[in-house]
Each structure stands twice: as C-alpha cells, then as structure tokens.
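Asks: kindly generate the corresponding structure for this input.
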Amino acid sequence: MAPEFQAVVRATQAWLQTTWHVQVPFAWLEACVAWLQEEAGGAGHLSQLQINQQVLDQWLLADLRDLNYPVLPEGLSQAQKTQVNGAFCVQVDSLLDVSQPAYGQLRKMRGTVCANDEISAVPQATQRPWEAKPTRMLMLQVTDGVQSLEAMEYQPIPELSAALRPGVKLQLRGQMVCRLGVLLLGPSNVKVLGGEVEELVDRNNQVKLQVSLVCQIWFMFVFVAVFNFLPLTQDRVELLASLEAQEVVERFHDEQDGESGYGTLSDTFTQSSRNSSVRSLVSASSARWVPSVQSAAKKRQISSSTCSSDSTRSVKSQKQSYTTSATEFDRLDAQKDALNLTSPPFTYVCLLEQTMFQPDFCTAEIRLKAFIVTLLGKLSSSNGVWNICVTISDGTGYLDVELSDEVLTGLLGFSVPEKAALKRDPARRGELDAGMRRCQEELVDMCCVMTVTVEGGGRRAVVTKVEPVSEEVLQELEQRMRDRRK
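Replies: Residues are numbered from 1 along each chain as shown. Purely as a prediction, here's the structure:
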C-alpha cells in the first residue's frame, strides 16, 4: 500500500475512535477506504472528510458479527455483578417492551384493537391519583460482534424507542452495572448512532418477536392441559411423589421457623416421609384417580412421619383437598384422544411414545414444537454429510434424534465439501470459524417446530426440517383450542 493511502486510513481510524468511539479491524477499514475510492473514480476524488463520513455510514449498515472485533470487556456476559466504565459501540439485534402484554402489543401492530372490547359489565379498576404510573421497560439483545448479552432500560431513556430497527448501533458510555449478564442502562448511558442490518430487520421485526412470545405462552397452556390428560404412568407417579414429599417438608419447615425462628426438621423425618410418599404413590400407580392417589399419599406421608402430634396437625391443616367426578374425567380423556400424531400445527412426544413401540407401527412423519435438551455427541462428518445426535423435548417427554445433513448445513452455512475448501483457503478461515460458532449458538437456543421422521424397529428418529414459529402456526393452534372447547 502507498504511504498516502495508509495515511488516509489511519486518519479515518483516529477520527472514528476520537469522535464516535468506534473501533474496527484495520483490515476492514483498509478494504472499505479502497472500495470507496474505487467507486469515486480514484484516490483524489474524495476528501478526508468525505471518506470519514462514508466509512461511518458503511459501519452503521454492517453486521458487527462480520467484523468479529471485540470491544466489550471479556467475560461480561458471564459476570455475576460487575461495574463497567468507558464508551463502547454495540449493535442491537432485537428489542422488546417487557412492560406490556405481548398479545396487546401484537393487536396494536396489526390494528385490531377495538374500544368496544374494553366494555364490560364488571366495574373496571381505575388507577388512583397517588399510584405510580407504569413506565416502559425495553429489553435489548446487544452484541459487539463477538460477545452477546442483554441490556435493560431500568430507567426511562428518551433516545430509545420500540420503533428502532434491528441492527441499529448504540454508544454505551459512562458508568454501568452488569448483573447476571444484563446491563442496567439509564438515560446518561445511551446514545443512538443509527443504522440497521437488513437481515436482522427481516428476522427480528416486532411482529415476528411478539408472535413468537404469544406462541410460547400458548405452548405452555397446551402443555399443562395435555400433561393433565395423560394416564398415570410409573414415571409420573414418582415425579408426583417427589413433589408431594418436598411440598410437605417445606410447609412443615415454614411452620417450625414461624413459631420459634430456629425450628428445623430432622433428617429422619425428611427421609421417612419421602420414602413413605414414594412407596404409597407407586403402589397405587394402577389407580384411575390421580387426585385420590395424591390425597392418600399425603395421609400415609403424615401418619408415617416421626414429628410431634401438634406438627402433624399443622401439616394436615394446610393439606389441599382434591375432588373430581367420573363424568369430568371421562370428558378430559375424550379431549386427549382427539389429538393424534398428525394434529396440526404440531403433536406431542407423549403421544408418539404411546404408539411408536406398538408392533404395527410403521414410518411416520410428525411435527413437534421442541427444544434441544442435550447433545449426545460431537458434530462430525462421514460420507460427505454432517451428523450429530441430540435429545429433544417438548415438555411432555424426551426423544433421541439425529439432525439431518440439510438442517446442519443450514445452521453452519456450508456443506462438508465446502468446509474442506474453506480450510484450504487461509483468507476464508474466518467464515469457517464463524459458521461453527453460529451453529453452536443456534443449537443452544433452538426452540422451533421440527419435522421428525420416525421409523419402527428401534431406529433413531431424524429431524429433517426446522422452522421458526410463524403466524400460521399460531392461527392453527388457536383454531385447535377453539375446536376443543366445542
């Protein structure tokens, strides 16, 4: 490079750092200045001031992950509590207003809010004059290109807005506290520099984020409903037993502490009550009535304990009573049976477990909304394809699966043959490292709708496709819930 060109690049670097506190890799800055001069028709067609401003504009539109240049203190996202001082320029990947209900925000974005919906025969609670008015709280996902963490608007920041586009650049400055990987921001800590990233705008727009949150809430409700409709198996009996025992012990612990301030439970009582509860529930696992089993377990649990009679009466006084009728239980069973492996928009692992080990079971392709619990091995390649085995769960059960080559290629951004080409090219090794890191992050955070092919004979299921939760999935889930209420 000519000395004149190097002088221009270093002058731009110094201007970015002193004026905006922007730090970029020198190689990227050289390539950017060279491209700008080439586009302008030559080195002498742009003044230093014009080059400075155009380089800043290019940085505002760039994805900081492509620059791969760390500026935040190392290990900040893992810090329990630390204080940060200085000025750091970061990128906002997404932001959400966590002070308002997600469904209400989604309705406003779609323009479906109607004033008549607020009319009710029940008197509505009004805010008293002395009560504090609710304030906005934005939760931001920020990154410096290498390290990602959350930032919370714990004091109102006028410069921030929910309308900011994903990829916008912020300057974080001054004294900031970071707790459990979350930066606490006030009005003096933030300056909006502008910009956006086209890919993030499409992926993390407000409508998609709110739809994803609403779908997660729906999933939680459906999971609770389905779990309650399932038959009482040995595993669930043991789970209920452990929870029951722990609940009684904790309640008795609170009773003792409340009376004297120093009361404790003996190890004998704790162990004997838990063992009694487990034995009583497991022995009654063939019983049809779940509430009756729980009630009987509590009675056996209390009678078998070695605590005093007064403490026993105290625990009994807090015992919750469960009642149900045969008609109600049969109705719940009928609703459970209405779901099958092909129910849109997705089915559940517990339903698959009931059918996959039957003699007449054959190949089936199902859709699950699940997340990855753990990896069962390392990412490897054989015969020109990627492969890795994981355990997934949707909250109703666990399933060992293998991620297909198409899914892994999509996460990595390159196939096995392309990986060999990247390794041979030193200039493109960064793409290889970035792809591996991106795949690792996606696997850790993966919670989506998975298309799974299941074959009989004990063969491992294969995930052939992964899709984010979409509006169509939400609509199908809403329709399914409406149909089940009929």
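Asks: could you say which helix or strand holds the nearest residue to Thr143 once chain neighbours are set aside?
Replies: Of all residues not flanking Thr143 in the chain, Gln91 sits nearest, at 5.5 Å (C-beta to C-beta, 6 or more residues apart in numbering). From N, CA and C alone the C-beta is placed, and that goes for glycine too. Take DSSP states H and E as the rule and Gln91 turns out to sit in strand 81-97.
Asks: what residues sit buried inside that strand?
Replies: Across strand 81-97, burial judged by 16 or more other C-beta atoms under 10 Å covers Val84, Ala87, Phe88, Cys89, Val90, Gln91, Val92, Asp93, Ser94, Leu95, Leu96, Asp97.
Asks: and the furthest pair within these?
Replies: Spatial extent of those (C-beta to C-beta) is set by the pair Ala87 and Asp97 at 26.2 Å.
Asks: avg pLDDT for the host helix or strand of Thr453?
Replies: Using DSSP H and E, Thr453 sits in strand 447-454. Strand 447-454 comes out with an average pLDDT of 93.
Asks: identify each buried residue in that strand, please.
Replies: Cys447, Cys448, Val449, Met450, Thr451, Val452, Thr453, Val454.
Asks: which residues does the first one bridge with?
Replies: Going by DSSP bridges, Cys447 is paired in beta bridges with Phe371.
Asks: that one against Val373, yeah?
Replies: No: using C-beta atoms under 8 Å, Cys447 is not in contact with Val373; the gap is 11.0 Å.
Asks: can you tell me the SS state at Gly44?
Replies: helix (DSSP: H, G, I helix; E, B strand; the rest coil).
Asks: quick one: residues contacting it.
Replies: By C-beta atoms under 8 Å, 6 or more residues apart in numbering, the contact list for Gly44 is empty.
Asks: who touches stretch 367-379?
Replies: 215, 219, 344-349, 386-394, 398-400, 408, 439, 443-444, 446-452, 469, 473.
Asks: ok, 6 Å please
Replies: 219, 346, 388-394, 443, 446-447, 449-452 (C-beta atoms under 6 Å, 6 or more residues apart in numbering).
Asks: one more: stretch 391-401?
Replies: 223, 226, 348-350, 353, 368-370, 372-374, 460-461, 463.
Asks: sort out which of these are buried, if you could.
Replies: Buried members of these, scored by 16+ other C-beta under 10 Å, are Phe223, Val226, Tyr348, Val349, Cys350, Leu368, Lys369, Ala370, Ile372, Ala461, Val463.
Asks: show me which of the residues you listed is closest to Val55.
Replies: Nearest to Val55 among the buried ones among the contacts of stretch 391-401 is Ile372, at 40.4 Å by C-beta to C-beta.
Asks: where does that closest one land on pLDDT?
Replies: 92.
Asks: let me see the contact set for the residue lying closest to Ser404 once chain neighbours are set aside.
Replies: Counting by C-beta to C-beta, 6+ apart, the nearest residue to Ser404 once its immediate chain neighbours are dropped is Thr464, at 5.0 Å. Thr464 is in contact with Ser404, Thr451, Thr453, counting by C-beta under 6 Å, 6+ apart.
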